[in-house]
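Visitor: below are the sequence and a predicted model for it; my questions follow.
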Amino acid sequence: MKKLLLVAAVMLFAASSAHAVVYTYSWEDNFGTVLGTYGNVASYAVVSGPQSGQMALPTNPYTCPGAYDGVYYLHVAEAPHYSTPQVYVACITGLQPNDLVYAGFWGYDVTPGASPSWRIWGHYSTATQCPDCPGDYTGSASGPADYTEGLGWGITEHTWTYVPPNGNDGLVIEARVYSDPSTCDTCLTDFWCDMVTVDIPEYAHVLFPDLTGASATEPAHWGQIKALFR
C-alpha cells in the first residue's frame with residue numbers, strides 16, 4: 001500500500017510542478033559509488049547479489065537478499081560508530097527560489113522502530129552547476145522525521161521548498177545512516193541502499209554518482225515509475 005501511495009504522491013507532485021522531470025539512479029552502471037561522504041563512513045562500494053553484514057558486532061550478523069531494483073546496489077559501512085555518517089547520492093543545481101524538489105531512495109532495514117536504519121536529508125552547497133558538485137557546505141536543508149520502517153527494503157523520502165542561503169546554492173541529497181549503539185569505538189555496521197528518485201523542474205540539473213549529470217540521464221516515463229514501486 002505504501003508503494004502505491006508513493007506512486008500517487010510523485011505523480012501528484014509532478015502534476016503540481018510546472019514541467020517537472022523525474023530522474024532515477026540505481027547503480028546499474030556498476031561504476032558510480034557516491035558523490036561524497038561525511039562522518040565515519042569506513043567504506044562504500046557497489047555490490048550485487050545477496051550480502052552478509054553485521055550490526056555493531058560480529059556476533060550480530062544479518063543479510064541483505066539483493067538489490068531492490070536491477071542487479072547492483074550500494075553498500076556502506078560505518079566504523080566506528082559516532083555522530084551521523086552520510087553519503088551524498090545526488091546534487092541538484094539550477095533551481096529557482098521556492099521550487100519544489102522531491103527526492104527519495106530505498107534503504108534496507110530489518111529493525112522496526114530501531115537502528116540500524118536510513119533517513120534522507122539535504123544540505124545546501126557552493127555548487128552552482130553540476131561539475132562543481134557536491135561543493136562546500138553552506139547550510140542544512142533539513143529532511144523528514146521518519147526513518148526507514150524496518151520491514152526490509154523501504155523508502156525514505158522528502159519534498160523540499162528550495163530556499164537557498166546564497167541565492168543559487170546547490171541542493172545535495174544525503175543518505176544518512178543510524179546505528180545502535182550510536183557511539184562505539186569498536187563497532188561496525190553494514191548498510192545497503194538502492195534506487196534514488198529525484199523530481200525537479202525541467203530547467204534544473206541533477207548529478208548522480210555516475211558523474212554523467214542529468215543531460216545524460218533519461219527521464220523516467222510514468223509507466224516506468226509505476227513499475228519501480230512494485
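Guide: Looks like it arrived, so ask away. Numbers count the residues shown, from 1 in each chain.
Visitor: tell me which strands and helices the helix or strand hosting residue 106 is in contact with?
Guide: Per DSSP states H and E: residue 106 is located in strand 100-109. Identification of packing neighbours for strand 100-109 by 3 or more Cβ pairs under 8 Å, 6 or more residues apart in numbering; DSSP states H and E yields helix 2-16, strand 86-93, strand 117-125, strand 152-161, strand 170-178, strand 188-201. The C-beta positions use only the backbone N, C-alpha and C, and glycine is treated the same way.
Visitor: might one say that residue 175 is in contact with residue 105?
Guide: Yes. Applying Cβ atoms under 8 Å as the test, residue 175 and residue 105 come out as touching, 5.9 Å apart.
Visitor: hang on, the earlier thing: direction included, what does the strand holding residue 106 pair against?
Guide: Looking at strand 100-109 with DSSP bridges, its partner strands are strand 152-161 (antiparallel), strand 188-201 (antiparallel).
Visitor: could the ones you listed be laid out in JSON lines, adding mean neighbour count and mean pLDDT?
Guide: Below are the strands paired with strand 100-109 laid out as JSON lines (neighbours: other Cβ atoms under 10 Å; pLDDT from 0 to 100):
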{"stretch": "strand 152-161", "mean neighbour count": "18", "mean pLDDT": "98"}
{"stretch": "strand 188-201", "mean neighbour count": "24", "mean pLDDT": "98"}
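Visitor: can I get these in JSON lines with distance to residue 88?
Guide: JSON lines is the format used below for those (distance: least, Cβ to Cβ, whole Å):
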{"stretch": "strand 152-161", "distance to residue 88": "15"}
{"stretch": "strand 188-201", "distance to residue 88": "11"}
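Visitor: residue 35 is nearest to which of those?
Guide: strand 188-201 (10.8 Å; Cβ to Cβ).
Visitor: so where's the protein shaky on pLDDT?
Guide: 1-18, 212-230 (pLDDT under 70).
Visitor: and if we set it to 80?
Guide: 1-19, 212-230 (pLDDT under 80).
Visitor: mutual contacts of residue 175 and residue 105, please.
Guide: Common contacts of residue 175 and residue 105 (Cβ atoms under 8 Å, 6 or more residues apart in numbering): 89, 118, 120, 193.
Visitor: residue contacts, the last one?
Guide: When contacts are counted by Cβ under 8 Å, 6+ apart, residue 193 touches 73, 74, 76, 89, 105, 106, 107, 108, 118, 175.
Visitor: distance check, the third one against residue 205.
Guide: The reference is to residue 76. 25 Å (Cβ to Cβ, to the nearest Å).
Visitor: would you convert the shared contacts of residue 175 and residue 105 into TSV that also reports distance to residue 66?
Guide: Shown next, in TSV, are these (distance: Cβ to Cβ, whole Å):
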residue	distance to residue 66
89	19
118	17
120	22
193	13
